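Q: My questions are about this predicted structure, shown below with the sequence.
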Amino acid sequence: MPLSFSRASFYCSPLVLLALLMWPAIGAANDLSRINALKIAYVYNFTKFISWKNPRAETFNICLLSQNRAMRAGFLALARKSVQEIPVNILNVDPSAHVDSCQVLFVGDRTADLSGLDTTGALVITDQDHIDAQIHFKIISNKLRFNIHRAEMEAKGLGISSKLLRLAYEVY
């Protein structure tokens, strides 16, 4: 008996093929959103293990230098939290802005240039290789890891807990 195809199966087969081709992209998008959510959680939890020489009393400012809308929206959820009993404030900044009021500066922009910014009192966290920061996120063996530049943190007057140092992938 010969195989027969109905019109419905003929029209559905390209859709099935398209869905199968998109499957890796859907998985990659889910992985990216999961990684971004982890980065946001890490940034918030880093603040529990770091002390600032000159803490500001009114708000704890986490500044974002990122054009990623999903990342910015995720960080806004932190605005309901507090750090060392100080309410968190999320600020979007651009490379020409003054970041002297920031305790944390997260740089997620590939085109960011920090050469003109005074980040003296801020903890700089990034996932960009070309940016000098105290904490760098890295994907290693499909897992989110972070490296800590301890000497630079101490030079900025930032104290760091040994508990956080033990969790880092590399400390230098």
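A: Happy to help now that I have it.

Q: Name the helix or strand for residue 165, please.
A: helix 162-167 (DSSP states H and E).

Q: Touching that helix from outside, list them.
A: 46, 49, 50, 146, 148, 150, 171 (C-beta atoms under 8 Å, 6 or more residues apart in numbering). Just so you know, the C-beta spots here come from the backbone N, C-alpha and C atoms, and that holds for glycine as well.

Q: now do stretch 135-143
A: So stretch 135-143 is contacted by 35, 39, 42, 46, 123-127, 129, 144-149, 169 (C-beta under 8 Å, 6+ apart).

Q: coming back round to it: whichever helix or strand comes after the helix holding residue 165 pairs with which strands?
A: As assigned by DSSP H and E, the chain's next helix or strand after helix 162-167 is strand 170-171. Note on strand 170-171: by DSSP bridges, its sheet partners are strand 143-148 (parallel).

Q: List the buried residues in the partner strand.
A: Counting neighbours by 16 or more other C-beta atoms under 10 Å, one finds that the buried residues in strand 143-148 are 144, 146, 147, 148.

Q: Next up, the contacts around residue 72.
A: Contacts for residue 72 (C-beta under 8 Å, 6+ apart) come out as 64, 66, 92.

Q: actually residue 132, sorry about that
A: By C-beta under 8 Å, 6+ apart, the residues touching residue 132 are 114, 124, 152.

Q: Then residue 64?
A: By C-beta under 8 Å, 6+ apart, the neighbours of residue 64 are 71, 72, 75, 90, 91, 92, 93, 106, 108.

Q: all strands of the chain, in order?
A: Counting by DSSP state E, the chain has strands at residues 50-51, 60-65, 82-83, 86-92, 104-107, 123-126, 135-140, 143-148, 159-160, 170-171.

Q: What are the buried residues along the fourth one?
A: For strand 86-92, the buried set under the neighbour-count rule, 16+ other C-beta under 10 Å, comprises 86, 88, 89, 90, 91.

Q: Please tell me I have it right and the first one contacts residue 61.
A: No. If you go by C-beta atoms under 8 Å, residue 86 and residue 61 don't touch, sitting 9.6 Å apart.

Q: got CSV for the contacts of residue 72, with pLDDT and distance to residue 119 too?
A: Below are the contacts of residue 72 laid out as CSV (pLDDT from 0 to 100; distance: C-beta to C-beta, whole Å):
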residue, pLDDT, distance to residue 119
64, 92, 14
66, 86, 15
92, 88, 16
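
Q: Give me the distance between residue 79 and residue 91.
A: Here the criterion is C-beta to C-beta, to the nearest Å. By it, residue 79 lies 10 Å from residue 91.
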